[in-house]
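Trainee: generate a structure from the sequence data that follows.
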Amino acid sequence: MPKVKRSRRKPPPDGWDLIEPTLLEFEQRMREAVNESHEGKRKSESTWPIFRVHHQRSKYVYDLFYKRKAISKDLYEYCLKEKYADANLIAKWKKSGYENLCCLRCIQTRDTNFGTQCICRVPKKKLEEEKVIECVHCGCRGCSG
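Mentor: Numbering: from 1, shown residues only. Got it, this is the predicted structure:
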């Protein structure tokens, strides 16, 4: 994931000062997730906290613009341009059936053995209830509903 930084070409739009503390908090949590010790974890488990923070930060910007309508279109586009939110993930959230998608890797068929989507995309009622299933890519326990 790219490092979040602001370009100095243009000042941020109005309303930036309201969401900046939360985005800085997400940036701090991302730094902690990157610097977290990965000893005793599987190779894929070490990236799970990074995926979670990335998802939460993108969901925060998405909710502000589409759900609560608390920020302007200019500020939303500024957040996307400055990589505070993942534009591709937000585009999927707008489609039916993908409202709770955890990451884009879960719907990429090239990353699976049989050319299908990730196990976390299978509805929980179709799986056995005793088993706890986690996504190999991001650690999600079921984002299909």
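
Trainee: grab the longest helix from the chain for me.
Mentor: helix 16-35 (DSSP state H).

Trainee: run the chain-centre distance for the helix or strand that that one is followed by.
Mentor: Downstream of helix 16-35, the next assigned helix or strand under DSSP states H and E is helix 48-62. Centre-to-centre, helix 48-62 and its host chain are 3 Å apart (C-alpha atoms, centre = their mean, to the nearest Å).

Trainee: residue 72 contacts residue 14, correct?
Mentor: Yes. With contact defined as C-beta atoms under 8 Å, residue 72 counts as touching residue 14 (6.9 Å). Bear in mind the C-beta positions are built from the backbone N, C-alpha and C, glycine included.

Trainee: flag the shaky bits of this structure, pLDDT-wise.
Mentor: Low-confidence segments of the chain, defined by pLDDT under 70: 1-9, 145.

Trainee: point me to the residue sitting farthest from the middle of it.
Mentor: In the chain, counting by C-alpha atoms, centre = their mean, residue 130 sits farthest out from the average C-alpha position, at 27.4 Å.

Trainee: okay, and it sits in which element?
Mentor: Element membership for residue 130, per DSSP H and E: none, as it lies in no helix or strand.

Trainee: what of the one 3 residues further on?
Mentor: With the criterion set as DSSP H and E, no secondary-structure element contains residue 133; it sits in neither a helix nor a strand.

Trainee: tell me how far the residue lying closest to it once chain neighbours are set aside lies from residue 130.
Mentor: Using C-beta to C-beta, 6 or more residues apart in numbering and skipping the chain neighbours, the partner closest in space to residue 133 is residue 119 (5.4 Å). Residue 119 sits 15 Å away from residue 130, going by C-beta to C-beta, to the nearest Å.

Trainee: next one: residue 97
Mentor: Separation of residue 97 from residue 130 (C-beta to C-beta): 26 Å.
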